[in-house]
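Novice: need the 3D shape of this:
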Amino acid sequence: MKRVLIMGAAFLAVSTLYKMPVHAEGTIADAIASVGVGEVLELDKTEEEFKEAAGPVELYGYHNIGIANVDNHLNVRETPDESGKLVGKMSNNAACEVLGEEGDWIHIKSGKVEGYCHKDYLLTGVFARLRAEEVVTSVAEATSGGLRVRTEPNTESEIITTMAEGEYLEVVEVTDGWIKVLLDDEEGYISAEYAQVKENLDTAITMTELLYGEGVSDVRVELCQYAKQFIGNPYVWGGTSLTKGADCSGFTLSVFKKYGISLPHYSVSQSQMGTKVSLNDAKAGDLVFYAKGNTVNHVAIYLGNGQVVHASSPRTGIKISNVGYRTIHSIRNIIGD
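Specialist: Numbering: from 1, shown residues only. Next up is the predicted model:
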């Protein structure tokens, strides 16, 4: 029992440490000593030795999990140096597979991105486990196309939207035969018969310009790259700040404002601007609108390649989703080229 209590205290100390700012003063030993177990754990080891003792952690499908620990984004580079080409970005708390180490750089693979990130901004070992277990979410993945998202857990209730096969939404709770899910800033229900629940951690996003397709103007590419740098920042209802918090229309308003385009702070009003286009003709930088029933209640920026970036909800903040994660109401060309 004494050993269990000691280890529990040690983990509490480590938990305290990994929540500190990246450049916070103090060491692992300081954190553990603060809960009174320093002598028992013989903390004459260096911080690096302590980390090595923790070893790789296998968790949530990763053989050696790493978690980004940054204020905004962690750059992933093609080579292990500051001048290396940027190949992707990991938002705070995004996960990766740790493949190896080269000096101050860690070789990782996260989603479709493989490269190097600086070790000062990546949690590994027990630190990664603690953070991952805190931030992991449960998602429900549609196992068949046209899965209806309803307002109530019964087949007679209103249909909010539909999910394509392979799309997923965050789980709020699982009830008898139904799964309550988070659909941007509202809740809905899907049949548990046509979905599977699994654990999910965010991964890196690619920075390749091939994402935007051919014939896309420079302003559209720049607008999308500008919008993506705010991924991971908070959702705040009524907000327009790209750093402190914005809602869906506040996010699009502020992004487009940088490029001299004025939008109203209301998704319905934004859906009446510009020219309507089909999904086949949509270009990066167009606005994609979603609705409850036939009333527009959400807006996102199309990135090309079947993806959108949007201020989703208070729980998920600004994120990237597949364009068909819910039924599209309309798409508008606001830029006008």
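
Novice: so residue 108 sits in a strand?
Specialist: Yes. Residue 108 forms part of a strand when assessed by DSSP: H, G, I helix; E, B strand; the rest coil.

Novice: renumber starting at 46 from here on
Specialist: Yes, from this point I'll number from 46; that puts the last item at residue 153.

Novice: residues touching the residue nearest to it when sequence neighbours are not counted, list them.
Specialist: Closest residue to residue 153 apart from its sequence neighbours, by C-beta to C-beta, 6 or more residues apart in numbering: residue 141 at 4.1 Å. To be clear about C-beta, it is placed using only N, CA and C from the backbone, and glycine gets the same treatment. By C-beta atoms under 8 Å, 6 or more residues apart in numbering, the contact list for residue 141 reads 107, 110-113, 135, 153-155, 162, 167, 248-249.

Novice: how far away is residue 141 from residue 108?
Specialist: Residue 141 is 11 Å from residue 108, where distance means C-beta to C-beta, to the nearest Å.

Novice: now residue 197
Specialist: Using C-beta to C-beta, residue 197 is found at 42 Å from residue 108.

Novice: middle-most residue in this protein, spatially?
Specialist: Centroid check for the chain by C-alpha atoms, centre = their mean gives residue 247 as the closest residue, at 4.7 Å.

Novice: ok, residue 136 touching residue 120?
Specialist: No. The criterion here is C-beta atoms under 8 Å, and residue 136 misses it with residue 120 at 11.5 Å.

Novice: tell me which of those two has more neighbours.
Specialist: Taking other C-beta atoms under 10 Å, residue 136 and residue 120 do not tie; residue 136 has more neighbours (22 against 19).

Novice: for the more buried one, which non-adjacent residue is closest in space?
Specialist: Nearest non-adjacent residue to residue 136, counting by C-beta to C-beta, 6+ apart: residue 277, 3.4 Å away.

Novice: for that neighbour, which residues are in contact?
Specialist: 117-118, 136-137, 362-364.

Novice: does it sit in a helix or strand, and which one?
Specialist: Residue 277 belongs to no helix or strand when elements are defined using DSSP states H and E.

Novice: ok, which pair from the contacts of residue 141 is furthest apart?
Specialist: Taking C-beta to C-beta as the measure, the contacts of residue 141 span a maximum distance of 15.2 Å, between 107 and 162.

Novice: looking at those two, which is more packed in?
Specialist: Set side by side, residue 107 and residue 162 show more neighbours around residue 162, with 27 against 20, by other C-beta under 10 Å.

Novice: mind listing which of the contacts of residue 141 are in helices?
Specialist: Members of these lying in helices (criterion: DSSP state H): none.

Novice: good, wrapping up.
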